[in-house]
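Participant: what shape does this take:
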Amino acid sequence: MQRPSERLKRKIEKENLWLFILSLLLKRRSYAYEVRDAIKERFGFWIGTVTAYKVLYLLEQGGYVTSTTEGRKTYYQITQQGKDEVRIARSFLRTMLKH
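Facilitator: Predicted structure coming up:
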């Protein structure tokens with residue numbers, strides 16, 4: 001039987017990739033492979049390359065990131081709307097952890 005804390009960790013990682021990705025993009029613009037590797041390095045879990053592209057695509061469609069292509073790489077940068085979402089999400093998480 002999986003421990004409840006492990007189930008929580010998996011759910012947070014899987015269902016909130018957008019927050020992890022936007023948090024990374026607060027620091028600097030990145031391309032999908034960098035995002036994938038940075039998630040492993042900074043947050044300690046692995047996502048596939050296709051997953052990184054899918055989440056970045058959805059974030060761009062929502063107006064949370066923009067993309068620019070330079071050569072063969074597409075770089076993603078967070079928008080003000082994306083920054084606002086990160087702020088709201090972090091505030092919500094802080095509130096949840098206080099109670």
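Participant: only C-alpha atoms from now on, for both contacts and neighbour counts.
Facilitator: Noted.
Participant: so R87 sits in a helix?
Facilitator: Yes - counting by DSSP: H, G, I helix; E, B strand; the rest coil, R87 is found in a helix.
Participant: quote the end-to-end distance of stretch 18-34.
Facilitator: Terminal residues of stretch 18-34 are spaced 15 Å apart (Cα to Cα, to the nearest Å).
Participant: got the contact list for that stretch?
Facilitator: Residues from elsewhere that reach stretch 18-34 (Cα atoms under 8 Å, 6 or more residues apart in numbering): 35, 38-39, 49, 52-53, 55-56, 59, 73-78, 82-83, 86, 89.
Participant: buried residues in stretch 30-42?
Facilitator: Within stretch 30-42, the residues that count as buried by 16 or more other Cα atoms under 10 Å are S30, Y31, A32, V35, R36, D37, A38, I39.
Participant: before we move on, what SS does E6 have?
Facilitator: Criterion first, three-state DSSP; result for E6: helix.
Participant: give me the most central residue, the protein.
Facilitator: With distances taken as Cα atoms, centre = their mean, I21 lies nearest the centre of the chain, 1.8 Å away.
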